[in-house]
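Student: Predicted model and sequence below, questions to follow.
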2 protein chains.
Amino acid sequence: MNTAYLSARDPQGYLACPITPITPSASSSALCKMAASGACSVADLCSNVRSNAQASFRIGSINRRTVRRGQALYRAGDTCVNFYQLYAGSLKLRMTNWAGEEQIASFPMPGALLGLDGIETGKYLCDAIALEDARVCVLSLSDLLACSRSGTEAMLQFNRVIARETSHYRRLLMVLANMSSEERIASFLLDLSERMASNGYSSREFILKMTREDIAHYLGMKIETVSRAFTRLQLANILDVRRRHLSIRDLDALKKLGMSH
Amino acid sequence: MNTAYLSARDPQGYLACPITPITPSASSSALCKMAASGACSVADLCSNVRSNAQASFRIGSINRRTVRRGQALYRAGDTCVNFYQLYAGSLKLRMTNWAGEEQIASFPMPGALLGLDGIETGKYLCDAIALEDARVCVLSLSDLLACSRSGTEAMLQFNRVIARETSHYRRLLMVLANMSSEERIASFLLDLSERMASNGYSSREFILKMTREDIAHYLGMKIETVSRAFTRLQLANILDVRRRHLSIRDLDALKKLGMSH
DNA sequence: CGGGACATTGATTAAGATCAATTTAAGTGG
DNA sequence: CCACTTAAATTGATCTTAATCAATGTCCCG
């Protein structure tokens, strides 16, 4: 088992996680495994859309797509015609300003709804790049609109999903505005840890799918600073970090640092 | 006229602006002056909601509200039952984390739709504090939902309005993550300037309604740093800043600094 | 005229950026 | 399977920027 940690060649990238994923409940009639497992943040919306689309005979089955590691699910400037429910793998959402500096906006993990950055203008504003091979369900914009039209609840759900993304950015803003480099890393790891847990993986020990550079671009720091922050947290016996493999030794201490002072 | 700049006691706070606001067009039948002037960012949505609500006899006239300087339009934790279209004055949207640190999320100006931070959970997440006496139109959540239900276009408009807020935060994120203090101030002033212009005021010369502390909390810096950045921009002949009164001397230089390198 | 909030300025310290050099590990091809 | 290449990460030394601490200045308002 330990070798699995170190090699970690599995496409899903979660072999290294010591506990098994939550298995879907018995309701195999569910359209989506994730919804059944409770891990999906947009399960209600998603199943609403699907049943609506099926009812109107416009889709017969779930439309899936695989994105290989390093490939883009979509790119900034592409016309937004689809949203994507992520159900395996992870990505980075990357914005690039005209000076070529990049900023990572988020690291979507299974359960996330991708493509919301295309709503405002009808074109995506970010690149969605797979950090490892990933699988998504495709939700066409038209299906989603049809569904929203037919039910107030679905419409509200969709608004809330967009609003939740807004909250993510507001929170990140607070992190960048008020926290030291060590605190930012702590906050970042706590968030990752929680999301690993909500996907049924260990919250204490996992593989970082992103490079130090990605982390730096997410948290508004330089990669040397990221590296040094990891080192200091390790010296303080809060973490064990070795390249991409991370385990949390002292969760309370990490929380004290990361929960914004 | 010059005395008006310096005293600036006007409740609306725009006396100091040398050019007059855009006057509403002749269509006095319009429900809202701002929509007629083209200054309102949510005009389509707003008029949609109003005409819908009137058609169903649920509102007879526009429901307005005044917020005095320093007062809250709403507070974090309040139940979200209304949205507010700002048509005069300006506010700050303030989040406070449990450690008591505050972060300014935005400085809404006329045309903005307020209250979107209440969508996700049904409770507002920010305090909306008037920086000067302000006037809003009240849009009840139920009116808005009723309208969205009855028309796909209104629904889409609403989604886009929420998504636009998300974009604001993404952009601010990039500012905090990548720019020096001077660049942040430049970027902030450019944004203010543009919004002043789109409200029909001078883009070159205006009064800052917010304190240095508010600016600091918006841009993730300390007030001394804000002050020094202003001073340096002044010394570089890019700005003229005297307390709250600001005029832009060299717009190109300001853009070079503020447009993210 | 004087109190108090707001803003500026100066001196010093601390944090992170930058520059530069290794180290480590993973993938490649002979 | 091993040497070689390369991307990623770490570490050290130094420099720059912004935070901090402290004092002073300015203006609004009663």
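Tutor: Cool, got the structure. Numbers count the residues shown, from 1 in each chain, chains lettered A, B, ... in the order given.
Student: Per-residue confidence at the closest residue to A:Arg135 other than its chain neighbours, what does it come out as?
Tutor: Excluding its sequence neighbours, the residue lying closest to A:Arg135 (C-beta to C-beta, 6 or more residues apart in numbering or on different chains) is A:Ala88, at 4.2 Å. The C-beta positions use only the backbone N, C-alpha and C, and glycine is treated the same way. With respect to pLDDT, A:Ala88 has a value of 92.
Student: Could you double-check that A:Ala88 sits in contact with A:Ala134?
Tutor: Yes: using C-beta atoms under 8 Å, A:Ala88 is in contact with A:Ala134, at 6.1 Å.
Student: which one of those two has more residues nearby?
Tutor: Using other C-beta atoms under 10 Å in any protein chain shown as the criterion, A:Ala88 and A:Ala134 rank with A:Ala134 on top: 30 against 21.
Student: who's in contact with that one?
Tutor: A:Ala134 makes contact with A:66-67, A:73, A:86, A:88-91, according to C-beta atoms under 8 Å, 6 or more residues apart in numbering or on different chains.
Student: The one helix or strand A:Leu176 maps to: which residues count as buried?
Tutor: Element membership of A:Leu176 [criterion: DSSP states H and E] is helix A:152-178. Of the residues in helix A:152-178, those buried under the neighbour-count criterion (16 or more other C-beta atoms under 10 Å in any protein chain shown) are A:154-167, A:169-178.
Student: try stretch A:220-232
Tutor: Buried residues in stretch A:220-232 (16+ other C-beta under 10 Å): A:220-221, A:225-226, A:229-230.
Student: filter those by proximity to DNA strand D?
Tutor: Among those, the ones lying near DNA strand D by C-beta under 7 Å from any atom of the strand are A:226, A:230.
Student: What's the per-residue pLDDT of A:Ala30 here?
Tutor: pLDDT at A:Ala30 comes out at 40.
Student: One more: A:Val241?
Tutor: 94.
Student: What is the burial count for it?
Tutor: Using other C-beta under 10 Å: A:Val241 sits among 19 other residues.
Student: sorry, back to before: how big is the angle separating the helix holding A:Leu176 from helix B:152-178?
Tutor: Counting by axes from the mean of the first three to the mean of the last three C-alpha atoms, to 10 degrees, helix A:152-178 lies at 10 degrees to helix B:152-178.
Student: Helix A:152-178 close to DNA strand C?
Tutor: No: with C-beta under 7 Å from any atom of the strand as the criterion, DNA strand C is not reached by helix A:152-178; the gap is at least 10.4 Å.
Student: quick one on the thing from earlier: reformat the contacts of A:Ala134 as TSV; add secondary structure.
Tutor: What follows is the contacts of A:Ala134, written out as TSV (DSSP: H, G, I helix; E, B strand; the rest coil):
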residue	secondary structure
A:Thr66	strand
A:Val67	strand
A:Leu73	strand
A:Leu86	strand
A:Ala88	strand
A:Gly89	coil
A:Ser90	coil
A:Leu91	strand
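Student: which pair in those spans the largest distance?
Tutor: A:Thr66 and A:Ser90 (13.7 Å; C-beta to C-beta).
Student: State the distance from A:Val161 to B:Ile162.
Tutor: Distance, A:Val161 to B:Ile162, using C-beta to C-beta, to the nearest Å: 10 Å.
Student: how about the closest residue to DNA strand D within the stretch 1-150 of chain A, phi and psi?
Tutor: Going by C-beta to the nearest atom of the strand, DNA strand D is nearest to A:Gly70 of the stretch 1-150 of chain A, at 9.1 Å. Main-chain dihedrals, A:Gly70, degrees, to the nearest 10: phi 90, psi -20.
Student: wait, it sits on A:Ile129?
Tutor: Yes: counting by C-beta under 8 Å, A:Gly70 touches A:Ile129, with 6.9 Å between them.
Student: Can you tell me which of the contacts of A:Ala134 are buried?
Tutor: Buried among the contacts of A:Ala134 (16+ other C-beta under 10 Å): A:67, A:73, A:86, A:88-91.
Student: re earlier: out of A:Gly70 and A:Ile129, name the residue with the larger neighbour count.
Tutor: More neighbours surround A:Ile129 than the other of A:Gly70 and A:Ile129, with 20 against 10 (other C-beta under 10 Å).
Student: Kindly give the local confidence score, pLDDT, for the more buried one.
Tutor: With respect to pLDDT, A:Ile129 has a value of 96.
Student: What of A:Ala4?
Tutor: 30.
Student: just A:Ala76 next, same as before
Tutor: Model confidence at A:Ala76 (pLDDT) stands at 96.
Student: Equivalent analysis for the one 3 residues further on, please.
Tutor: You'll see A:Thr79 listed with a pLDDT of 97.
Student: Give me the nearest residue to it, chain neighbours excluded.
Tutor: In space, A:Thr79 is closest to A:Lys123, 5.9 Å off (C-beta to C-beta, 6+ apart).
Student: give me phi/psi at the one you found?
Tutor: Dihedral angles (degrees, to the nearest 10) for A:Lys123: phi -120, psi 140.
Student: cool, A:Gly89 as well?
Tutor: phi 90, psi -180.
Student: Okay, and the beta partners of the closest residue to it other than its chain neighbours?
Tutor: Nearest residue to A:Gly89 in three dimensions, chain neighbours excluded: A:Ala134, at 2.7 Å (C-beta to C-beta, 6+ apart). Listed beta-bridge partners, A:Ala134: A:Val67 (assigned using DSSP bridges).
Student: On the pLDDT front, check A:Ala134 for me.
Tutor: On the pLDDT scale, A:Ala134 gets 94.
Student: buried residues in whichever strand or helix holds A:Val241?
Tutor: Assigned by DSSP H and E, A:Val241 belongs to strand A:239-242. For strand A:239-242, the neighbour count (16+ other C-beta under 10 Å) marks A:239, A:241 as buried.
Student: partners of the following helix or strand past that strand in the sheet?
Tutor: Next in sequence after strand A:239-242, counting helices and strands by DSSP H and E, comes strand A:245-248. In the sheet, strand A:245-248 lines up against strand A:205-207 (antiparallel), strand A:239-242 (antiparallel) (DSSP bridges).
Student: average pLDDT for strand A:245-248?
Tutor: Strand A:245-248 shows a mean pLDDT of 95.
Student: Enumerate the residues of chain A near DNA strand D.
Tutor: A:208, A:211-213, A:223-224, A:226-228, A:230-231, A:241-244.
Student: Mind checking which of the residues you listed are in helices?
Tutor: Among the residues of chain A next to DNA strand D, DSSP state H puts A:212-213, A:223-224, A:226-228, A:230-231 in helices.
Student: Could you list the domains of chain A?
Tutor: Chain A breaks down into these domains under automatic domain parsing: A:27-168, A:179-258.
Student: looking at the ones you listed, which has the lowest confidence?
Tutor: Of all the domains of chain A, domain A:27-168 carries the lowest average pLDDT, namely a mean of 83.
Student: Contacts only, for the nearest residue to A:Asn159 once chain neighbours are set aside.
Tutor: Distances taken as C-beta to C-beta, 6+ apart place B:Ile119 nearest to A:Asn159, at 5.5 Å, with adjacent residues excluded. By C-beta under 8 Å, 6+ apart, the contact set of B:Ile119 is A:159-160, A:163, B:80, B:162.
Student: A:Ala209 and A:Ser90 touch, don't they?
Tutor: Not quite, residue A:209 is Lys, not Ala. Yes: using C-beta under 8 Å, A:Lys209 is in contact with A:Ser90, at 5.1 Å.
Student: Could you pull up the contacting residues of A:Ala76?
Tutor: A:95-96, A:123-127.
Student: Put together JSON lines for the residues you listed, with distance to A:Met259, secondary structure and neighbour count on each row.
Tutor: Output for those, formatted as JSON lines (distance: C-beta to C-beta, whole Å; DSSP: H, G, I helix; E, B strand; the rest coil; neighbours: other C-beta atoms under 10 Å in any protein chain shown):
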{"residue": "A:Met95", "distance to A:Met259": "27", "secondary structure": "strand", "neighbour count": "20"}
{"residue": "A:Thr96", "distance to A:Met259": "31", "secondary structure": "strand", "neighbour count": "14"}
{"residue": "A:Lys123", "distance to A:Met259": "37", "secondary structure": "strand", "neighbour count": "15"}
{"residue": "A:Tyr124", "distance to A:Met259": "33", "secondary structure": "coil", "neighbour count": "24"}
{"residue": "A:Leu125", "distance to A:Met259": "30", "secondary structure": "coil", "neighbour count": "22"}
{"residue": "A:Cys126", "distance to A:Met259": "28", "secondary structure": "coil", "neighbour count": "26"}
{"residue": "A:Asp127", "distance to A:Met259": "31", "secondary structure": "strand", "neighbour count": "21"}
